[in-house]
Every structure is written in structure tokens, then in C-alpha cells.
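Chemist: Fold the stuff below for me.
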Amino acid sequence: MNLKIKTQLSTMMFLEFFIWGGWFVTLGTFLGNNLNATGAETAMAFSTQSWGAIIAPFIIGLIADRYFNAERILGILHLLGAVLMYQMYTAVDFAAFYPYVLGYMIVYMPTLALVNSISFHQMKNPAKEFSFVRVFGTIGWIVAGLVISFVFVWDSEAARAGGLLRNTFLMVAIASAVLGLFSFTLPKTPPKVSNSEKPSISEILGLDALTLLKDRNFLIFFVSSILICIPLAFYYQNANPFLSEIGMENPTGKMTIGQGSEVLFMLLLPYFFRKFGFKKTLMAGMLAWTVRYFLFAFGDAGDQAYMLIIGIALHGICYDFFFVSGQIYTDSKAGERYKSAAQGLITLATYGVGMLIGFWVAGVITDSYIVSDGIHSWVDIWTFPAIFAFGVMILFTIFFKNEEVEYKE
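Modeler: Numbering: from 1, shown residues only. Got it, this is the predicted structure:
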């Protein structure tokens, strides 16, 4: 790639994840403070991510891959997203807010695949070139959190009381409009298949890869992937409200430590893969969820604040060691015929089905431990996913037989 294209793609990735990190992290806090949403209603709002993930393959498979250039669809979706995000900014209650957040996630989730497609189309060697471009996405997410906490201070107690956290949606609406317009200047990425080629629904959803479930090890991994999404949902849905409620200063900015950790452990993943193998790497990832949530359960914003910081910093192990390792394992098991279908299937199972169940469970548990006047018993709330993650790890350890998995850099 020449410098111009590399700069364009890096800017695209930065804005793509600045947009997501600019509102999704503080969503739970906003819903509780500004819209007086219950745990169940908060779960409904977060579950829109799952519905978007389920619907996204249809948009990509039936439209983007066949009829229009990917960069044009990216532009249109983000312009629509800007309008929906502005409507979320103006919503005064949950009933008015929910249709817009649902519509937004339906148009946003397909863009995650589109930015990858646009990037890969410009690269001669994606294995070497993509990581440089993709890291700007993580930087964008980090910058969004730092801007919210340290530039505008919208997540401070006084700002939350004054309703200023609502401004995150306005910020993201502007960023989405900018990326929407910018997308039309990106390098052309024409459709991958001709109009005459009609993929089946099973191909679009990756269901052709279901044959892999005949392999006992892959079946255990597949089920574990769905189950571990329940603890993951607790983090997405409850971490920011938890940190805000117990009085931690600049919670959104401090949560960006998790993204920094993600970058670090992504770089260390090849070493752990070679040193300890696939099974132990996944076990470490699941155990990290248990440790993280016990740290959250017994930490506080005072003398025990270091426990919360360590819990946030464990995000790299929690996410990379399980989900990224899982993508590598899936690729190794699929073979050439089912590579794309298998990745589509595991995405549908985790971000679709797994997270949908996880957000619902998190909502029920959170509502069950309200002590008084919106104050929660966080020890009980965090203990549930800690024990659950440990149980999943034990089941995986017992039933998954160790096997060699090649790591291709």
C-alpha cells in the first residue's frame, strides 16, 4: 500500500471504533442515570448488539457482496447512523430511546465487516499489513474514552447529575457523519460476486460449517464459546455503571486500560500459543474472567482501587486468550472449504446467540440485587459471572482433549 491509502484506511479504522467506544462503554451508566432504566431494560438496549450481529450477515451477504461497492455502503450506513444517534441524543425516556438504538446497531454492526473488506481489498499481504491498520481502531476506542473522561469530563458525578453524559451521543453522531462522508473518498472496493451468484441462507450465516460440530473437540469449544459470552456480557453491560456508582473518578478513561492491555496481549499471544498450547491458553483466558470478577466484587474506589485497575487490565487476557485464540483454532479446524463459513458461524454463535443470552442474564441478576434506591449489591452481582466462568473452564478442561494447533503469523 502507498502512504495515502494506508492513511485513509487507518483514519477509517480510527473513526469506526471511536464511534463504537464513544457511546457503548457509558451506555449502561446513561440508561440508569438519565432514563431511569431497569436492569432488564438495560439488557434490552445492550442486546441490540446481538440483533445487529445476527442481521449483519444478510446485509453483507445479500447486498454488499453482490450489488454495491463496500465503501459506498459504509458511507450510507454511517450517515444513517448519524441520524439515529442524534435521535438517541434527544430521547427523553427508554421507550423513545430503544427503537433508535435497535435501528442504530442494525446499521452499525455490518460496518465492522465492511471496514475489514475495504482494508483487505487494498492489501497484497494482509497478514503483515492489516495489524498496522487495525491497531488504529483500538486507538480510536481509547481516545473516545479519554475524551469523555479527561477532556469533557462527562462521566463525573456532577456531570452525570446534570445529564451531560447524553452529549456522548451528539459527539458520536458528528463522528458518524464525518466517517459517512469520508467513506466516499475511500479506495473503490467493488462487489465480490456477480448478481447471478445467489448464495443460500446457510452460506450467508456460515451454517455450512455446522459439519465441524461432528468433531468432539470443536463441539466442546463451540459450546464453551457461547457460555463464556455470559460473563463477557456482564462486563460490557455493568462495568461502567459499577465504577460510576461506587465513586471511581474518570471511570470511562480508566476503562481504556483494558484496550491497552488488549494490544499488549495480542502481541504476546504467539508466545503463549507456542509455549503452552491452545488448550492451556484458552483455560488461562477463562480463568482470567473469574479472577477479574472477584477483583471487581471485593475491590472499591478507595484503598482497594488497585484491585479494580488490575481487573480492568486483565481484559487483554480475558478477550485475546479466548476469543482471538478461538478464531485461530476455528481457522485451523475448518480447512479451505469452510474457512469463511466457520468464522461466520462462530461470530453468529458468540456475538449473536451467546451475547443475547448473556445480556438477558446480566439484566436479571442486576435487577435481583438492588439494595435500595438504585444502589446495587455488587459483590453478589460480580460473584455470579466469576463462578460461572470458572464452571465453564472446568467443563472445558475435562472434556476438551489437548491437540496441536498451528499458529500462522
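Chemist: what number of residues lie near residue 389?
Modeler: Counted with other C-beta atoms under 10 Å, residues neighbouring residue 389 total 27. In short, each C-beta sits where N, CA and C put it, glycine included.
Chemist: Name the nearest residue to it, ignoring sequence neighbours.
Modeler: residue 289 (3.8 Å; C-beta to C-beta, 6 or more residues apart in numbering).
Chemist: which ones are touching the one you found?
Modeler: Contact analysis of residue 289 by C-beta atoms under 8 Å, 6 or more residues apart in numbering lists 228, 231, 232, 318, 385, 386, 389.
Chemist: give the contact list for the residue lying closest to the fifth one once chain neighbours are set aside.
Modeler: Of all residues beyond its chain neighbours, the one nearest residue 385 is residue 231 (3.9 Å), with distances taken as C-beta to C-beta, 6+ apart. Contacts for residue 231 (C-beta under 8 Å, 6+ apart) come out as 289, 293, 358, 385, 386, 388, 389, 392.
Chemist: Sort out which residues of the host helix or strand of residue 231 are buried, please.
Modeler: Secondary structure from DSSP states H and E places residue 231 in helix 216-245. The neighbour-count check on helix 216-245 (16 or more other C-beta atoms under 10 Å) flags 217-218, 220-245 as buried.
Chemist: quick one on the thing from earlier: if I look at the residue nearest to residue 389, how far off is residue 255?
Modeler: Plainly put, residue 289 is 16 Å away from residue 255 if you go by C-beta to C-beta, to the nearest Å.
Chemist: Check residue 140 too.
Modeler: Taken as C-beta to C-beta, the span from residue 140 to residue 255 is 15 Å.
Chemist: How about residue 301?
Modeler: On the measure of C-beta to C-beta, residue 301 and residue 255 end up 14 Å apart.
Chemist: who's more crowded, the two?
Modeler: residue 255 (26 against 15).
Chemist: In contact with that one, which residues?
Modeler: Listed by C-beta under 8 Å, 6+ apart, the contact set of residue 255 reads 25, 145, 239, 240, 243, 312.
Chemist: What about residue 188, how many residues nearby?
Modeler: 11.
Chemist: any idea how far residue 114 is from the residue nearest to it when sequence neighbours are not counted?
Modeler: Counting by C-beta to C-beta, 6+ apart, residue 188 lies nearest to residue 69, which is 5.7 Å off, once chain neighbours are set aside. Using C-beta to C-beta, residue 69 is found at 10 Å from residue 114.
Chemist: Show me which of those two is the more surrounded one.
Modeler: Ranked by neighbour count (other C-beta under 10 Å), residue 69 and residue 114 place residue 114 first, with 25 against 19.
Chemist: Name the helix or strand for that one, please.
Modeler: Short version, using DSSP H and E: residue 114 is in helix 94-121.
Chemist: That helix: what's the following helix or strand?
Modeler: helix 126-146.
Chemist: OK, contacts around residue 27?
Modeler: So residue 27 contacts 42, 45, 46, 240 (C-beta under 8 Å, 6+ apart).
Chemist: low pLDDT regions in the stretch 201-350 of the chain?
Modeler: Filtered on pLDDT under 70, the stretch 201-350 of the chain yields the residue ranges 201-206, 336-337, 339-340.
Chemist: Helices of that one, residue ranges please.
Modeler: For the stretch 201-350 of the chain, the helices defined by DSSP state H, counting those that start in this stretch cover 201-205, 216-245, 251-255, 257-298, 305-313, 315-319, 325-347.
Chemist: ok, back up a step: so what sits against both of residue 301 and residue 255?
Modeler: With C-beta under 8 Å, 6+ apart, residue 301 and residue 255 have common neighbours residue 243.
Chemist: what's the helix holding residue 114 packed up against?
Modeler: helix 3-21, helix 39-59, helix 70-90, helix 126-146 (3 or more C-beta pairs under 8 Å, 6 or more residues apart in numbering; DSSP states H and E).
Chemist: mind listing what residue 293 touches?
Modeler: Contacts of residue 293 by C-beta under 8 Å, 6+ apart are 231, 234, 311, 382, 383, 385, 386, 389.
Chemist: from those residues, which is closest to residue 93?
Modeler: residue 234 (25.3 Å; C-beta to C-beta).
Chemist: Compute the number of surrounding residues for the nearest residue to residue 215 once chain neighbours are set aside.
Modeler: Of all residues not flanking residue 215 in the chain, residue 333 sits nearest, at 6.7 Å (C-beta to C-beta, 6+ apart). With neighbours defined by other C-beta under 10 Å, the count for residue 333 comes to 18.
Chemist: wait, isn't residue 333 in contact with residue 343?
Modeler: No - the pair residue 333 and residue 343 fails to qualify as a contact (C-beta atoms under 8 Å) at a distance of 11.0 Å.
Chemist: what residues go with each domain of the protein?
Modeler: Listed by automatic domain parsing, the domain ranges of the chain are 1-199, 206-402.
Chemist: picking that back up, state the distance from the residue nearest to residue 385 to residue 27.
Modeler: 18 Å.
Chemist: swap in residue 157?
Modeler: 18 Å.
Chemist: Residue 14 now?
Modeler: From residue 14 to residue 27 the distance is 21 Å (C-beta to C-beta).
Chemist: again with residue 100
Modeler: 12 Å.
Chemist: any chance you could read off phi and psi for residue 69?
Modeler: Backbone dihedrals for residue 69, given as degrees, to the nearest 10, come out at phi -60, psi 140.
Chemist: ok, it touching residue 184?
Modeler: No - Residue 69 is beyond contact range of residue 184, at 9.6 Å (criterion: C-beta under 8 Å).
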